[in-house]
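> What follows is a predicted structure for the sequence shown.
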Amino acid sequence: MTARPTAVALDIDGTLLDHDEQLSPAVIDAVRRAAAEVPVILATGRGWSTTRPVAELLGLPAGALVVCSNGARTLRHPSGEVVDERTFDPSTVIASVREHAPNARMAVEEYDGSYLVTAPFPDGDLGYDAKIRVVNHDELAPEPVTRLIIRDPEQSEADFVHLAERLGLHGVSYFVGWTAWLDIAPEGVDKSTGLKVALAQYDLDPAGLVAIGDGRNDIEMLTYAGLGVAMESAPAEVKAKADEVTKSVQDDGVAAVLNRWF
């Protein structure tokens with residue numbers, strides 16, 4: 001892409017924020033300059049409650065659209081007004097997890113950004129300020145949800161890739177995270193789902209979209225955008241789907257891309 005982008009989509013963890021949850025001044029400056037010219041859309045697996053502080057730190061303008069929960073929710077910053085929401089019934093997946101991974105912890109995000117969990121998650125996994133309530137498996141999802149999170153701190157990322165295969169996940173979308181973390185979303189829903197909603201609100205075409213991400217849950221977003229950029233630390237399968245690769249989050253890879261135009 002040689003012409004200036006008409007919109008920018010940014011993953012958060014591993015793209016904007018490093019693994020210590022730090023956001024560099026160079027990246028903040030680059031994002032703010034871009035947001036002064038074109039829509040900047042955060043596209044994340046995070047829920048709204050942990051996305052909002054990042055949007056505030058970046059100084060995104062009032063009315064900016066944010067794609068949360070891997071595309072299942074598109075909201076307006078800073079009000080949290082829900083523009084689009086996709087849900088599914090997770091009961092079959094919950095039963096399968098109990099059979100194949102009885103030690104795994106599960107969580108669902110409530111409408112208000114709080115979480116119901118079957119057991120406490122490691123500190124910070126769901127956000128340090130998130131409201132969390134421990135419930136039994138039967139109480140976890142009495143109604144359709146936007147996503148189901150499966151976590152087992154004693155397992156590896158590779159273990160969870162195999163777990164996803166064993167669970168026989170049908171009728172849903174799923175994404176394996178950097179750790180032993182599995183996100184279950186409604187069928188056919190991914191970050192590009194929310195970006196389609198956001199771009200329609202802005203009356204923009206994806207050909208002018210630059211998207212930057214580092215995870216497996218970013219692949220559909222990177223291929224949907226006119227220019228998909230993977231972070232240097234991204235898994236090989238993510239880099240293979242991207243149009244190009246930028247520097248790592250530690251080396252301000254997002255700023256390196258945005259500084260070309262803004």
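Structure's in. What do you need? Residues are numbered from 1 along each chain as shown.

> which residues does D11 contact?
Contact partners of D11, counting by Cβ atoms under 8 Å, 6 or more residues apart in numbering, are A43, T44, K191, I212, G213, D214, G215, D218, M221. Where C-beta positions appear, they are placed from N, C-alpha and C, glycine not excepted.

> Repeat the analysis, applying 6 Å as the threshold.
With Cβ atoms under 6 Å, 6 or more residues apart in numbering as the criterion, the residues that contact D11 are G213, D218.

> Kindly provide the distance from it to K131.
Distance of D11 to K131, computed by Cβ to Cβ, to the nearest Å: 24 Å.

> just A158 next, same as before
A158 sits at a distance of 32 Å from K131 (criterion: Cβ to Cβ).

> do R216 as well
R216 is 28 Å from K131, by Cβ to Cβ.

> Then G113?
8 Å.

> Equivalent analysis for P53, please.
Between P53 and K131 the distance is 15 Å, computed by Cβ to Cβ.

> same check, this time on A26
33 Å.

> higher neighbour count, these two?
A26 (15 against 12; other Cβ atoms under 10 Å).

> Can you name the residues that contact the more buried one?
Residues counted as contacts of A26 (Cβ under 6 Å, 6+ apart) are D252, A255.

> tell me which element it falls in.
Secondary structure from DSSP states H and E places A26 in helix 25-35.

> pLDDT of that helix, averaged?
Helix 25-35 carries an average pLDDT of 98.

> Following the chain onward from that helix, which element is next?
strand 40-43.

> Can you name the residues in contact with that next one?
Contact partners of strand 40-43, identified using Cβ under 6 Å, 6+ apart, comprise V8, A9, L10, A34, L65, V66, V67, K191, A198, M221.

> Turn those residues into JSON lines, columns for distance to H100.
Putting those into JSON lines (distance: Cβ to Cβ, whole Å) gives the following:
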{"residue": "V8", "distance to H100": "39"}
{"residue": "A9", "distance to H100": "34"}
{"residue": "L10", "distance to H100": "34"}
{"residue": "A34", "distance to H100": "43"}
{"residue": "L65", "distance to H100": "37"}
{"residue": "V66", "distance to H100": "34"}
{"residue": "V67", "distance to H100": "30"}
{"residue": "K191", "distance to H100": "27"}
{"residue": "A198", "distance to H100": "36"}
{"residue": "M221", "distance to H100": "29"}
